[in-house]
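Peer 1: with the sequence up front, the predicted model follows.
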Amino acid sequence: MATPVEMPKLGNTVEQCLLVAWHKRKGDAVCAGDILAEMETDKATFDLTAPSDGTVLEVFFDDGAMVPVFTNVCVIGEVGEAIEEYRPKTPVASATAGTASISSSGNAPAAPAQPGTAGVAVSPAPDGGADLAMSTPRSNGAWFATQPATPPENIAVPVGRMSPRARRFADEHSFQPSRLPGSGPDGRILERDVRAQLASTQPVSRAARSLMDSGYEIRGAGTGVGGMIRTSDLVPPPVRFTGMRERIARRMEESLASTAQYTLHASADATGLLALRREIKASPGTPDITINDLVAFCAIQAVLEVPAVNAELIEGRLYQRAHVNLGFACDTARGLVVPVVHRSEELSVAELSGRMSALTTQAVEGTLGADDMVDATFTLSNLGGLGVESFTPVINPPQVAILGVDAITLRPVRKSDGGIDFVDVIGLSATFDHQVIDGAPGARFLNVVKEKIASVQSLCSI
């Protein structure tokens, strides 16, 4: 019997994944465990593997498709077996779905993109407005606005069919567009439509045309003779987000839109931290436990003491978690990745350090397993190594808290006799969801973290 292969759900908040590339195609023989395709979420990439031996009878999506979780992506079985019952019923748009690309002259008519296929990317308009600018790739990697076909009739466009931005653009350029196919809903004329027609009717210098072909866009009226567009009238093309960058941006936007976040700042005495770190470095054979590892261990102990921060708010319901699954932010070449140390409260400081080090290496190399990036209940983000003394970490929903670790600085402290002493302190920036944790409980948690860090030498057994 044929076996469908689903897009797995990796975490409570993951609703869809990017199908980056197929490793196996229709007709290929596979064995259980073979890598079928590379997938990507807003956190990292993972491999989709074959659940059984057989032949790939059909793949339902092309490279670049955004596929909802629990949707069949392909079918494995014996040649000749029926597969239609497994075919997804709802069309799924590509991650870069849009209109058809244009020819080198910029005048090819648009055609609708097929479900699940890669077409043109949709990116925000350069000035950040509501209209979307369709972009299509050039062989050199640049992106430029897709131009609709030049209208055959010179008939003015009715004002009511133009979007406000399109009308404003036309007014700014003293340009009355003639009839042209609108690319907005119900044929509405968008700014990109007017911009494209203006570019096709205005005189353009040869140098400016070359830049426009590589993605540069017109800003303002032409300053040359007779309104000719010159190179000085152009601006560089917009930067296109990568798949992971786009999803990180979307997750951060959703986080701020769906939670009531506030941040508290404090500092903890780092004398013991620095002394313990020196002791570790001076002891041959001792695991290389870093300042970040020690702070993470202290944070876990604080979470155990104040369990209210170790919770998830999902669809209006608060779930208290029994184990501290510690997520920690990693900066990689592909963007922010958050590996997870599951049941971190059961580990010694040396075991925690080893696990975090191994996960960090995998995150940087892009080899993290899917299970290593899900189910975090509390997150740690450390920018202290980059010299940051205070920042506002953003919660990763459905979590309700995140602890930011700042730089260690020297600070004057008044002594009991009235004199001044200088003490090393480490900054802490904790963000909470006010829907769950009020200001006073948040402050009490931060004070517990401070106490744990100040007493780290007695807390940690090296």
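Peer 2: Received, thanks.
Peer 1: please enumerate the strands of the stretch 1-150 of the chain.
Peer 2: 3-6, 16-22, 29-30, 35-40, 45-49, 54-59, 66-68, 72-77, 121-124, 132-137, 143-145 (DSSP state E, counting those that start in this stretch).
Peer 1: which of those sits closest to Thr263?
Peer 2: strand 121-124 (27.7 Å; Cβ to Cβ). (Glycine included, C-beta is placed from N, CA and C.)
Peer 1: same list (the strands of the stretch 1-150 of the chain) but as JSON lines, adding mean pLDDT, distance to Leu234 and mean neighbour count.
Peer 2: Listed next are these as JSON lines, based on pLDDT from 0 to 100; distance: least, Cβ to Cβ, whole Å; neighbours: other Cβ atoms under 10 Å:
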{"stretch": "strand 3-6", "mean pLDDT": "93", "distance to Leu234": "47", "mean neighbour count": "18"}
{"stretch": "strand 16-22", "mean pLDDT": "84", "distance to Leu234": "32", "mean neighbour count": "21"}
{"stretch": "strand 29-30", "mean pLDDT": "94", "distance to Leu234": "50", "mean neighbour count": "16"}
{"stretch": "strand 35-40", "mean pLDDT": "87", "distance to Leu234": "34", "mean neighbour count": "19"}
{"stretch": "strand 45-49", "mean pLDDT": "82", "distance to Leu234": "36", "mean neighbour count": "19"}
{"stretch": "strand 54-59", "mean pLDDT": "94", "distance to Leu234": "42", "mean neighbour count": "20"}
{"stretch": "strand 66-68", "mean pLDDT": "87", "distance to Leu234": "33", "mean neighbour count": "20"}
{"stretch": "strand 72-77", "mean pLDDT": "94", "distance to Leu234": "42", "mean neighbour count": "24"}
{"stretch": "strand 121-124", "mean pLDDT": "36", "distance to Leu234": "18", "mean neighbour count": "17"}
{"stretch": "strand 132-137", "mean pLDDT": "35", "distance to Leu234": "15", "mean neighbour count": "21"}
{"stretch": "strand 143-145", "mean pLDDT": "35", "distance to Leu234": "11", "mean neighbour count": "22"}
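Peer 1: make JSON lines out of those strands and add distance to Lys281.
Peer 2: Converted to JSON lines, the strands of the stretch 1-150 of the chain look like this (distance: least, Cβ to Cβ, whole Å):
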{"stretch": "strand 3-6", "distance to Lys281": "49"}
{"stretch": "strand 16-22", "distance to Lys281": "41"}
{"stretch": "strand 29-30", "distance to Lys281": "50"}
{"stretch": "strand 35-40", "distance to Lys281": "39"}
{"stretch": "strand 45-49", "distance to Lys281": "35"}
{"stretch": "strand 54-59", "distance to Lys281": "53"}
{"stretch": "strand 66-68", "distance to Lys281": "47"}
{"stretch": "strand 72-77", "distance to Lys281": "49"}
{"stretch": "strand 121-124", "distance to Lys281": "48"}
{"stretch": "strand 132-137", "distance to Lys281": "50"}
{"stretch": "strand 143-145", "distance to Lys281": "49"}
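Peer 1: break this structure down into its domains, please.
Peer 2: With domains defined by automatic domain parsing, the chain comprises 3-86, 121-235, 259-459.
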